[in-house]
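Participant: Sequence and predicted structure are below.
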Amino acid sequence: MRLDEHLPVDHRLSMVYRIGAGLIGLVLLVFGILGLVDQIGVFGTGSHTTAGLNTNSALSILSICVGVLLFAGMLIGKNFASTLNMILGVLFILSGFVNLALINTGFNPLAFRIQNVLFSFVVGVLLMFFGMFGRVSGGLPHNNPYWRARHPTQVEHEWRNREAAGKRAAHAHRAVTSHRHGGHRASR
């Protein structure tokens with residue numbers, strides 16, 4: 001089952017979705033691998049940091065899994081990458097809020113600190129930006145494939161107007177051309 005079958009595929013926008021997924025996936029993979037290299041406890045809540053962020057093996061493994069998922073989105077591209085970026089962006093923001101609530105409790109399985117929460121918010125916003133770019137806006141241009149998919153009757157109306165204008169222009173051109181040719185013949 002595909003959730004985005006009804007959406008248009010625009011290859012120029014697909015590059016933005018792919019780049020976003022690839023860059024953020026790379027950051028998460030590097031963070032996860034560096035966290036695993038230090039061999040810390042799976043759910044340890046100590047103050048072990050990697051790249052300025054507190055971590056444990058569970059967070060490192062989760063980061064690697066999400067990074068691999070983003071790389072898959074980068075390879076698949078198109079609307080899949082866009083939708084994946086948006087979904088993961090929302091999940092990162094929700095994770096930031098949930099882990100913010102868990103920071104000073106006895107239950108903090110991913111060893112989050114405030115810098116992790118901020119990182120989660122930033123990654124979430126970036127993923128949402130890359131996923132929504134050119135796809136979600138009140139001011140999309142009329143040649144945008146997502147705007148055209150959402151407004152089929154207006155697209156058809158604009159197409160008819162352009163076709164009628166083209167016919168009027170062609171008729172006017174023929175009239176001017178035939179008048180010129182007829183005017184030259186009369187003067188000869």
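Facilitator: Everything's here; your move.

Participant: Quick check: buried residues in stretch 73-81?
Facilitator: Buried residues in stretch 73-81, counted by 16 or more other Cβ atoms under 10 Å: Gly73, Met74, Gly77, Lys78, Asn79, Phe80, Ala81. Yep, even glycine has a C-beta here, placed from its N, CA and C like the rest.

Participant: Over to stretch 114-134?
Facilitator: Buried, per 16+ other Cβ under 10 Å, within stretch 114-134: 116-117, 119-121, 123-124, 126-128, 130-134.

Participant: now swap in stretch 51-71 and tell me
Facilitator: For stretch 51-71, the neighbour count (16+ other Cβ under 10 Å) marks 53-60, 62-64, 66-67, 70-71 as buried.

Participant: Report the rounded mean pLDDT for it.
Facilitator: Taken as a whole, stretch 51-71 carries a mean pLDDT of 88.

Participant: so Gly22 sits right up against Met74, yeah?
Facilitator: Yes - counting by Cβ atoms under 8 Å, Gly22 touches Met74, with 4.0 Å between them.

Participant: okay, now the domains of this structure?
Facilitator: Using automatic domain parsing, the domain ranges for the chain come out as 11-132, 151-187.

Participant: worst average pLDDT in those?
Facilitator: Checking each of the domains of the chain, the one with the poorest mean pLDDT is domain 151-187, at a mean of 72.

Participant: Can you name every helix or strand that the biggest helix by length in the chain contacts?
Facilitator: Looking across the chain with DSSP state H, the single longest helix is helix 152-187. Helix 152-187 sits against no helix or strand, with contacts defined as 3 or more Cβ pairs under 8 Å, 6 or more residues apart in numbering; DSSP states H and E.
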